[in-house]
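Student: show me the folded form of this:
(2 chains)
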Amino acid sequence: MTAITSIFLQYIRQQLRDKYSIFWNLAFPLLLLTFLALVFGGQQQPEITFQISLIPRDESLQDSALLDAAHYDSALSVTPQQVTAMRDSDQQETVLHTLHNIALQNDILQETALQNTADAALKKTAQQDDILQGTVLQGTTFQNAVLQETALLNTAWQNVALEEASFQDNTLSKAAQNDSARQDTVLTGPASENSFFTAGEYPEVNPAAGEMQEEKQGINPPASITPGFPGIQDLSYAAVLDDLFIGIEASEDSRWFKFHRLPEGVSAEDFLESEKTRLEQGERHLLLVIPEGTLAGPDVIELYHRSESQLSRIAADVITSILIEVNRELNIASGSLDRSELLASSTAQIELSTRQAERAGFSMAEYLVPGIILFTFLLSGLDIMVSRISSLRARGILRRYFATPLRPIQYFAGIIGYIIVLSLIQVILIYGWSVFFFNINLDIFDLRFIGYLLFGLIISLSFGFLVLGLVKSKESVGIITSAIIYPLAFLGGIFFPVTEIPGFIRFIVLINPVTYLTNGMRDLLGIYPSTTSPILNILVPAAWLVVGLIVSALSFKWNPGGEG
Amino acid sequence: MSRENAVEVHNLKKSYDSLKAVDGISFYVKKGQVFTLLGPNGAGKTTTIEILQGLKTADSGRLKFFGREIERIGRQEKEEIGVLLQRTNYIEKIKVREMLEMFRSFYNKSRILEAADILERIELQDKSDDYVENLSGGQQQRLAIGLALINDPRILFLDEPTTGLDPQARRNLWDLIEDLKAEGKTIFLTTHYMDEAEKLSDYVYIMDRGRIIASGSPEELIEELGQDNVVEFAHNGLSKTALEELKASYPDLNLTEESISIYVTSLTEALIRLTAWAEAGDFKLDNLKIRRPNLEDVFLELTGRGLRD
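Tutor: Model (predicted):
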């Protein structure tokens, strides 16, 4: 047996035999995680907000009269929620609400996309809309109500069944609902045929390319206007979209979006430039350039996003989806496309299915898991290693070891091996515990994440060496490690975000390697976008590693003092 | 300098700030002998032995280890030495056998003993699966010697091996050291117990304040005192004038905290004189003892202080 193995084994044995070690190293992190997760919100979703800038090329919003007129056009009432409103209050609803409802649907779409079922979700919403549109064309409120109930069940077979039924009569529709055997057979029909997007009107979002991309996304205005829906083609993009975004802001889902509008006295071009910079710095997720002109003439809405930012890409997807819906609604409202055409030319192209780990919502437990892991690393690197080594040093045990041919590096390799194994067990325990009790959904087995985890552990160890090098007396070691661990942890975003911390303390946040490590870990897991650049997330901790190694190499003594 | 020497030291010096802990000492340790550094606490014994254990580096001086001149005791030499520190602390939750096995793994040499053999040697066979922290002080010290023996060393450095042990444990340890000596191991020990030095040593260096003040076998050193007997008695209640009177007759008497000791060549003459003096001064010769001089007396004679003062 080599010296390294025997030292390593001895630490493992000690760990297993000492109930205090078992409690502090294995049970305590789990209790802390549980406590914090329960106290700070359980399954509650911390806020995340898409920062979206609206850059109007056309600042005239003079078509509000037209917009109002359009709001009172009953043909625009198309969504399930809308139908409910119609049935319950019997009031005419507005375009505004329609658009808002579309936005809501897109929220659902976005959430389902996170569950890796984006395509299916797109189809589901598409189907709902198709049916409802179908019934709207028939103009029967009663049917709408029936359809709404069934549509809410969100199943393809119902949609297909109802599509057929809705062109016949209520009786058939009811029969379709009651006759499960028949429904089952209808179920066999492939759902994909019900998608509705036309290839030409569907924007593609390209998440692959680097740097900031400028993508031009077209919203096709109505090609021809059917008489009977007067005035819609005269609406300006600015008016429609402003209406849309005001609607989103007014909705209960406004927390998802923060729109930044053109400040007074700033030109649209200057605003665009400054917002581009903000986008690059991660302060904005999306820029929307709203073109001049009206819906009558084909124009292009430009979307800017930063493809390296997951949130930015999601924001682009979400807004694109909303715009597509708006486009469709306008097309239908204007009568330029009828329902059969929509159904005929349908291919969904957005590929959301690859976005497994990218998510806008997360639970407190998910937020805490990387933090607690890092916290146990800090405890291992600083507390366990430092207190053990300094205790052995103070009691002359290291002196006895080094009166044998044992090399210091063999000793350190043994104890570091032990800490790595302990940390691995801690990570597995924390992960398993959180999956079991908090139902977290994090891909911690991602190789990049594991690599970064190891990096974090090494940083913690280097802090330990730093303290060992600088602190000679055994008595002060405990105090000093605590005085280091807790500020590092609390001002490093381990337990809560530290983006809002002001003043001098902000300086500590900024030089604290833990800030960067927590940012890096949460970003890699897709829990929370890093507020610091990915390069700094490596460089700042690495700088501390270098400092730790140099200082400890210069000042560490395993054999302090000695009597004559 | 001879090939029979295990260790030779010439003009060794080591200072801590202004304190000269070891102030230019020279000595040699013959193979197969027990060599003792005797001196009070703070004499520089531990500094000297730690330099030889490879735990400290001398400021200056020459060092020879089994015939090879070296700068300091390095890893190569550590393979060949056995070390007992002044106090051995143990890590928690480790069993006796595991402790021995761990130390075994620290050595690279091929000639290394089995843990079982060491356990037998230090008579801890039945404690092999006990936690070290549950051993008695004497057993822990025996284990510490066991750790020093695991690499079958050519020379053992034992720093105050019996300090803090009860009399029974001390005697056990002395037996163990005498066994090792009988096996031909070279042993370098430091102690401030004159009985220990006298019992175990082939050769004694008396050290005080960083310097060696006398050397020789215990018998030689005692003989050099030139006194056959020591008369010792308690001095409580002794008047100043009576003491002055006594000093006139015995100018080199030694006054310690509790007793007065007088070195005498002619015992009968001294006893007659003392009784007369006691009677005249109405002084009781409490605790009167007549004994052979020992190393304590040698040290007292050399420094005017006791070894444990």
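
Student: which stretches of chain A have low pLDDT?
Tutor: Judged by pLDDT under 70, chain A has its weakly predicted residues at A:41-48, A:58-235, A:251-255, A:293-300, A:307-310, A:325-362, A:500, A:558-564.

Student: domain ranges for it?
Tutor: For chain A, the domain assignment from automatic domain parsing gives the residue ranges A:3-44+A:362-555, A:50-344.

Student: what's the answer for chain B, then?
Tutor: Listed by automatic domain parsing, the domain ranges of chain B are B:5-222, B:226-292.

Student: next, the nearest residue to residue A:519 once chain neighbours are set aside: secondary structure please.
Tutor: In this structure, residue A:519 finds its nearest non-sequential neighbour in residue A:530, 4.2 Å apart by C-beta to C-beta, 6 or more residues apart in numbering or on different chains. Where C-beta positions appear, they are placed from N, C-alpha and C, glycine not excepted. Three-state call for residue A:530 (DSSP: H, G, I helix; E, B strand; the rest coil): coil.

Student: in chain B, what helix or strand scores lowest on average pLDDT?
Tutor: strand B:254-255 (a mean of 82; mean pLDDT, DSSP states H and E).

Student: that one pairs with which strands, parallel or anti?
Tutor: Strand B:254-255 sits in its sheet next to strand B:259-264 (antiparallel), going by DSSP bridges.

Student: give the next helix or strand downstream of the partner strand.
Tutor: helix B:267-280 (DSSP states H and E).

Student: which residues are contacting that next one?
Tutor: Applying C-beta atoms under 8 Å, 6 or more residues apart in numbering or on different chains, the contact partners of helix B:267-280 are B:228-229, B:231, B:242, B:245-246, B:249, B:262, B:264, B:283-285, B:290.

Student: from what I can see residue B:207 touches residue B:26, true?
Tutor: No - Residue B:207 is beyond contact range of residue B:26, at 11.9 Å (criterion: C-beta atoms under 8 Å).

Student: list the buried residues of the strand or helix carrying residue A:552.
Tutor: Using DSSP H and E, the element containing residue A:552 is helix A:534-555. Neighbour counts over helix A:534-555 (16 or more other C-beta atoms under 10 Å in any protein chain shown) mark A:536, A:537, A:540, A:541, A:542, A:544, A:545, A:548, A:549, A:551, A:552 as buried.

Student: and residue A:522, what does it touch?
Tutor: Shown in contact with residue A:522 (C-beta under 8 Å, 6+ apart): A:367, A:370, A:528, A:530.

Student: highest neighbour count among those?
Tutor: Among those, residue A:370 has the most neighbours (other C-beta atoms under 10 Å in any protein chain shown), with 29 neighbours.

Student: nearest residue to residue B:104 other than its sequence neighbours?
Tutor: Distances taken as C-beta to C-beta, 6+ apart put residue B:150 closest to residue B:104, at 5.5 Å, once the chain neighbours are dropped.

Student: who's in contact with that neighbour?
Tutor: B:82, B:100, B:103, B:104, B:107, B:112, B:113, B:115, B:118 are the contacts of residue B:150 under C-beta under 8 Å, 6+ apart.

Student: what number of residues lie near the fourth one?
Tutor: Same thing as residue B:104. 20.

Student: please identify the helix or strand for it.
Tutor: helix B:96-105.

Student: and that helix, what does it pack against?
Tutor: The contact analysis (3 or more C-beta pairs under 8 Å, 6 or more residues apart in numbering or on different chains; DSSP states H and E) places helix B:96-105 against helix A:3-17, helix B:115-121, helix B:137-149.

Student: residue A:520 is nearest to which of those?
Tutor: When the helices and strands packed on helix B:96-105 are ranked by distance to residue A:520, counting by C-beta to C-beta, first place goes to helix A:3-17 at 28.4 Å.

Student: so, in contact with chain B or not, the closest one?
Tutor: Yes - residues of helix A:3-17 are located near chain B by C-beta under 8 Å from any C-beta of the partner chain, namely A:3, A:5, A:6, A:7, A:10, A:13, A:14, A:17.

Student: which one of those is nearest to residue B:44?
Tutor: Using C-beta to C-beta, these come closest to residue B:44 at residue A:3, 32.3 Å.

Student: the contacts of residue A:522: which two are farthest apart?
Tutor: Maximum pairwise distance among the contacts of residue A:522 (C-beta to C-beta): 13.6 Å, between A:367 and A:530.

Student: what subset of the residues of helix A:3-17 next to chain B is buried?
Tutor: Of those, these count as buried by 16+ other C-beta under 10 Å: A:3, A:6, A:7, A:10, A:14.

Student: need the strands for the stretch 51-200 of chain B, in chain order.
Tutor: Assigned by DSSP state E, counting those that start in this stretch, the stretch 51-200 of chain B shows strands spanning B:60-65, B:68-70, B:81-84, B:155-159, B:186-191.

Student: could you dump these to TSV with distance to chain A and mean neighbour count?
Tutor: Shown next, in TSV, are those (distance: least, C-beta to the nearest C-beta, whole Å; neighbours: other C-beta atoms under 10 Å in any protein chain shown):
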stretch	distance to chain A	mean neighbour count
strand B:60-65	14	16
strand B:68-70	15	11
strand B:81-84	4	26
strand B:155-159	9	24
strand B:186-191	12	25
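
Student: let's have those in TSV, adding mean pLDDT.
Tutor: TSV is the format used below for the strands of the stretch 51-200 of chain B (pLDDT from 0 to 100):
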stretch	mean pLDDT
strand B:60-65	94
strand B:68-70	93
strand B:81-84	95
strand B:155-159	95
strand B:186-191	95
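
Student: out of the ones you listed, flag the one nearest residue A:469.
Tutor: Nearest to residue A:469 among the strands of the stretch 51-200 of chain B is strand B:81-84; the distance by C-beta to C-beta comes to 26.0 Å.

Student: how close does residue B:248 get to residue B:227?
Tutor: 19 Å (C-beta to C-beta, to the nearest Å).

Student: neighbour count: these two, which is higher?
Tutor: Counted by other C-beta under 10 Å, residue B:248 and residue B:227 do not tie: residue B:227 has more neighbours, with 17 against 9.

Student: who's the residue lying closest to the more buried one once chain neighbours are set aside bridged to?
Tutor: In this structure, residue B:227 finds its nearest non-sequential neighbour in residue B:263, 3.6 Å apart by C-beta to C-beta, 6+ apart. Beta-bridge partners for residue B:263, by DSSP bridges, are residue B:230.

Student: thinking residue B:263 is in contact with residue B:230, fair?
Tutor: Yes - Residue B:263 is in contact with residue B:230 according to C-beta under 8 Å; the separation is 5.9 Å.

Student: overlap of the contact sets of these two?
Tutor: Taking C-beta under 8 Å, 6+ apart as the criterion, residue B:263 and residue B:230 both touch B:293, B:297.

Student: nearest to chain B among the contacts of residue A:522?
Tutor: Nearest to chain B out of these is residue A:370 (C-beta to the nearest C-beta; 32.1 Å).

Student: skipping its backbone neighbours, what lies nearest the closest one in space?
Tutor: Spatial nearest neighbour of residue A:370, excluding adjacent residues (C-beta to C-beta, 6+ apart): residue A:521 at 3.9 Å.

Student: what sits against the one you found?
Tutor: With contacts defined as C-beta under 8 Å, 6+ apart, residue A:521 is in contact with A:370, A:373, A:374, A:449, A:452, A:453, A:456.

Student: what about residue A:301, is that helix, strand or coil?
Tutor: Using three-state DSSP, the structure places residue A:301 in strand.

Student: distance of it relative to residue A:57?
Tutor: Residue A:301 is 10 Å from residue A:57, where distance means C-beta to C-beta.

Student: kindly report the same for residue A:263.
Tutor: Residue A:263 is 16 Å from residue A:57, by C-beta to C-beta.

Student: check residue B:82 too.
Tutor: Separation of residue B:82 from residue A:57 (C-beta to C-beta) stands at 89 Å.

Student: same question, residue A:446
Tutor: For residue A:446 relative to residue A:57 (C-beta to C-beta), the value is 42 Å.
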